[in-house]
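>>> Structure, please.
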Amino acid sequence: MVNNSTSLKAFWLSFLISGAAVPLGPIAATAQIQDTSTPEVALEASAVPEATPDAALAAVKIEIPQLAEIAAETKSAVDRPLPDTDAAWVNRALPQTDIATVDRPEPQDNTARVDRPEPQDNIATVDRPEPETDAAWVNRALPETDIATVDRPEPKKDKATEDRATTAPEITGAIRELPPQELEIANSPQSQQVAEASTVADISSETGTADDLSIQEDAAQVTSVSQLSDVRPTDWAFQALQSLVERYGCIAGYPDGTFRGNRAMTRYEFAAGLNACLDQITKQLGGSTGNLVQREDLLALQRLQEEFAAELATLRGRVDALEARTAELEANQFSTTTKLNGFAWFNLTGAFAGERVRVEATNGNAAPLDRVAGRDPVTNRPIVQKVDDPEITFSQLVWLTLTTSFTGKDELITQLAVGNGNSPANQYTSTGLFNTFGTPFLDQTAGANPNEVVLRELSYRFPLTNSLQVVFGPRINFYRYFDNNRFNFFVDGASSFNSNNSPLLSATRRGAGALVLWDIGRALKLRFGYLGESTEFLPTSVFNSASNPSQGLFGGTNTTTAELTFSPSDRTNLRFLYSRSNIQQIGGLIGSPNSKPLNGVADDGFGGRLGNATANTYSFNFDWSVTRRFGLFGRYGYAETNIFPKTDRPKGTIENQSYQLGLAFPDLFKEGALLTVSYLVPFDFTGGRRFLVSGGGNGGTQYEIEATYYLPLTDHISIVPAFYAIWNANNFDNNPTIFVGNLRTQFSF
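Numbering: from 1, shown residues only. Now for the predicted structure:
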């Protein structure tokens, strides 16, 4: 008899299914967290680096890079001791005769002359006994502390003139900002041009940060310019560098003893270097009067400081902001080693069949988890009841995952979960088939009781080598590491319990034990592990054998699994799995929820009790991105469960298979979206049906068609409408077709 509210429920369900999708924005990240049959990919997390004010202030001390070498075709060198304040000025445009003139008050016997016809290649020669380097030397008595050297090729019309008094001139010029390819420094009593370079190196550092150019804290401090292995007395900026190193102590080298003078710089970096020198000068002024700087130096530095005032202020502002930000992070950070990821799901779910559905249970009106299987004492056949359509439900599920790293390469995974979902589709299930066909994977209760916070996962993963990792812990999520699929991931792919993973895997959805993960090469990966049962949604008093002293890690339900993944290309993955299970009998029966690969309940075939069972499962799954917007995916699994009666009945084997074939349409209507449509047979029994007291039906084969559309609205919010149709439910070929609709709103953070 059809329930009078069926038509109304059908209307709401059809409205729910058809009205859900409006294209909006991609989701940024997904956590890898899984339940009873869902593929997961491990969360990548690393320790949050600790920011320090010292590291930020290191940016204010930098190297001042060398200007581009001033090229000329002739060489003229002046090498003499000069006063502390003496500057060598070059202001030239030589006539064709190429005469180098030194114009200054000097003793009469101290004149260097170059008198020669100029060859075509414009090489100036010195007609006097000189070293092989052919340098022109000025030999006069000057203070020992000042040696000015000019040694460079000159152009045809080059005139090298040095015009200075023996005492330091007063600095009256100014520094102005120039285009990137030109630099002029005007600085003399007569406002004469001091130095001109036709080309300046591009103003850019190799790293773009001042941290790599630290002058004092990150570099090796030197006390003499001779300690810099790549600086020579013939370098055009030797004098300036010598003064900054030996006189002011505000230039340092790199740890390898080099200065790297050819590197370019930004104005910010120059401002930071200038600030470092100003600090050193301030210290000298405040420390003693024995080594005071000259007034002219202070004037020049004052002008430099004024010129770069904006850059210095910006730099100080950045440092202050960084210090404030660092203090804020230190005061409010969650953890320096732990990253929190979370998911929250709202589920609106409805299901209807239009007729009452046959289920194998002695009390069909009981809640799905409370149903008990039994045989008719006369016919020995499983007892069958009929159930009505369920009501529409609205439920929630939340997972919080804490990923902690102590070395940057390891992961301690702690996952908490809470929920209150019980999908309406479960109303139609035979005993032992709870949370199987037609049930949205995320429409579930996390623990044994609604709204109970449970520890869903606790495991530690660390590397032994670059290609070999180990995972161990008291509660490892099997589906985080095994039976994954690109288009069946529960966050954005096929969305039911029967689609997320093979229905034949695994007897230990979560377990205590260890895994070995070996990336053999780019195309081959091997996973191997042993897990004893430790499942969060099962009562410890009956299940969770790994922590039960009477059963232990090796005596209760446990699973040994190996998986080989072959990826011939980035678009194709083939996975081959083998699993060996030992299944603990519960109340003399072998059955769900810890009996996979068996779905249902088994006895000795006549209502008698069984001992512990063993099972072998062989599974294969693949995903193939045929094009950027089209893909294929599927699975096949075969399993045999060995039955050992405690009565005088003979032992036997239950054989079953499962398969799925699906189509995927990435970026459908919107970038980041995904539509999956699949056909699947979740549990087809091919042998040993006589041992089944629930799950075998009347010999029919249940099959399903599922469609899920993942639609991201923002980076953190998405909606996922899904629709399932189930034929021959519970393997009864005379059951009506069941329709299930689910609208999921998904929040990630």
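
>>> Where do the strands of the stretch 301-450 of the chain begin and end?
Taking DSSP state E, counting those that start in this stretch, the strands of the stretch 301-450 of the chain run over residues 338-352, 357-360, 384-387, 393-404, 411-419.

>>> quick check: mean pLDDT across the last one?
Along strand 411-419, the predicted local confidence has a mean pLDDT of 97.

>>> now stretch 229-245
Regarding stretch 229-245, the rounded mean pLDDT is 80.

>>> counting contacts, what elements does the host helix or strand of Ser567 pack onto?
For Ser567, the enclosing helix or strand under DSSP states H and E is strand 558-569. Counting contacts by 3 or more CB pairs under 8 Å, 6 or more residues apart in numbering; DSSP states H and E, strand 558-569 packs against helix 478-481, strand 510-519, strand 524-533, strand 572-583. Yep, even glycine has a C-beta here, placed from its N, CA and C like the rest.

>>> ok so, going back, looking at the strands of the stretch 301-450 of the chain, which is closest to Glu452?
strand 411-419 (6.7 Å; CB to CB).

>>> For the helix or strand that the closest one is followed by, which residues meet the burial criterion?
Following strand 411-419 in sequence order, the next helix or strand is strand 454-463 (DSSP H and E). Buried residues in strand 454-463, defined by neighbour count with 16 or more other CB atoms under 10 Å: Val454, Leu455, Arg456, Glu457, Leu458, Ser459, Tyr460, Arg461.

>>> can you tell me which two in those are farthest apart?
Val454 and Arg461 (21.2 Å).

>>> Tell me which of the helices and strands packed on strand 558-569 lies nearest to Arg371.
Checking the helices and strands packed on strand 558-569 against Arg371 by CB to CB gives strand 572-583 as the closest, at 20.2 Å.

>>> Partner strands of the closest one and their direction?
Taking DSSP bridges as the criterion, strand 572-583 forms sheet pairs with strand 558-569 (antiparallel), strand 613-627 (antiparallel).

>>> pull the CA atoms of the shortest one into PDB?
This points to strand 558-569. What follows is strand 558-569, C-alpha atoms only, in PDB (Å, rounded to 0.1, in the frame of the first residue of the first chain):
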ATOM      1  CA  ASN A 558      42.900  -7.500  10.900                       C
ATOM      2  CA  THR A 559      43.800  -6.900   7.200                       C
ATOM      3  CA  THR A 560      47.100  -7.100   5.300                       C
ATOM      4  CA  THR A 561      47.000  -5.100   2.000                       C
ATOM      5  CA  ALA A 562      49.300  -4.500  -0.900                       C
ATOM      6  CA  GLU A 563      48.700  -2.100  -3.700                       C
ATOM      7  CA  LEU A 564      50.800  -1.400  -6.900                       C
ATOM      8  CA  THR A 565      50.000   1.700  -8.800                       C
ATOM      9  CA  PHE A 566      51.200   2.000 -12.400                       C
ATOM     10  CA  SER A 567      51.000   5.400 -14.100                       C
ATOM     11  CA  PRO A 568      52.100   5.200 -17.700                       C
ATOM     12  CA  SER A 569      51.300   8.900 -18.000                       C
END
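
>>> Quick one: mean pLDDT over that strand.
Model confidence over strand 558-569, given as mean pLDDT, is 97.

>>> Contacts for that strand next, please.
Identification of contacts with strand 558-569 by CB atoms under 8 Å, 6 or more residues apart in numbering yields 478, 481-483, 505-508, 511, 513, 522-533, 545-546, 573-582.

>>> Thr540 versus Pro549, what's the distance?
12 Å (CB to CB, to the nearest Å).

>>> Neighbour count for the two, which is higher?
Thr540 (13 against 6; other CB atoms under 10 Å).

>>> quick one: the more buried one and Leu468, what's the gap?
Separation of Thr540 from Leu468 (CB to CB) stands at 34 Å.

>>> what does Asp370 give?
Using CB to CB, Asp370 is found at 46 Å from Leu468.

>>> Also Leu668?
In terms of CB to CB, Leu668 sits 39 Å off from Leu468.

>>> where does the chain dip in pLDDT?
1-222, 285-294 (pLDDT under 70).

>>> longest single helix anywhere in it?
Criterion DSSP state H: the longest helix present in the chain is helix 309-332.

>>> Helices of this structure, residue ranges please.
Using DSSP H, helices in the chain cover 6-18, 53-57, 238-242, 267-287, 295-307, 309-332, 478-481, 497-500, 552-555.

>>> In JSON lines, list those along with distance to Ile413 and mean neighbour count.
Formatted as JSON lines, the helices of the chain follow (distance: least, CB to CB, whole Å; neighbours: other CB atoms under 10 Å):
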{"stretch": "helix 6-18", "distance to Ile413": "35", "mean neighbour count": "15"}
{"stretch": "helix 53-57", "distance to Ile413": "30", "mean neighbour count": "14"}
{"stretch": "helix 238-242", "distance to Ile413": "54", "mean neighbour count": "18"}
{"stretch": "helix 267-287", "distance to Ile413": "42", "mean neighbour count": "18"}
{"stretch": "helix 295-307", "distance to Ile413": "54", "mean neighbour count": "15"}
{"stretch": "helix 309-332", "distance to Ile413": "24", "mean neighbour count": "13"}
{"stretch": "helix 478-481", "distance to Ile413": "8", "mean neighbour count": "25"}
{"stretch": "helix 497-500", "distance to Ile413": "19", "mean neighbour count": "28"}
{"stretch": "helix 552-555", "distance to Ile413": "20", "mean neighbour count": "15"}
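
>>> Glu655: which of these is closest?
Of the helices of the chain, nearest to Glu655 by CB to CB is helix 497-500, at 18.7 Å.

>>> now for that closest one, which elements pack on it?
So helix 497-500, by 3+ CB pairs under 8 Å, 6+ apart, packs with strand 652-666, strand 674-687, strand 703-712.

>>> Touching that helix from outside, list them.
For helix 497-500, the external contacting residues (CB under 8 Å, 6+ apart) are 34, 36-39, 435-441, 479, 488-490, 493-494, 503, 660, 662, 676, 678, 680, 682, 704, 706.

>>> these two touch, right, Lys646 and Leu610?
Yes - using CB atoms under 8 Å, Lys646 is in contact with Leu610, at 6.3 Å.

>>> More neighbours: those two, which one.
Counted by other CB under 10 Å, Lys646 and Leu610 do not tie: Leu610 has more neighbours, with 25 against 12.

>>> Identify the residues contacting Leu531.
Ile476, Phe478, Ser506, Thr508, Arg510, Gly511, Ala512, Gly513, Ala546, Asn558, Thr559, Thr561.

>>> Which entries within the contacts of strand 558-569 meet the buried criterion?
Here, 16+ other CB under 10 Å leaves 478, 481-483, 505-508, 511, 513, 525, 527-533, 545-546, 573, 575, 577, 579, 581-582 buried among these.

>>> Between its first and last residues, how far does stretch 401-421 reach?
Separation of the first and last residues of stretch 401-421 by CA to CA, to the nearest Å is 20 Å.

>>> Stretch 690-706 too?
Length of stretch 690-706, first residue to last, CA to CA: 30 Å.

>>> now stretch 421-438
End-to-end distance for stretch 421-438, by CA to CA: 14 Å.

>>> And stretch 373-386, by the same measure?
By CA to CA, the extent of stretch 373-386 from end to end equals 14 Å.

>>> can you pull the buried residues of that stretch?
By neighbour count on 16+ other CB under 10 Å, the buried set for stretch 373-386 is Ala373, Gly374, Arg375, Pro382, Ile383, Val384, Gln385.
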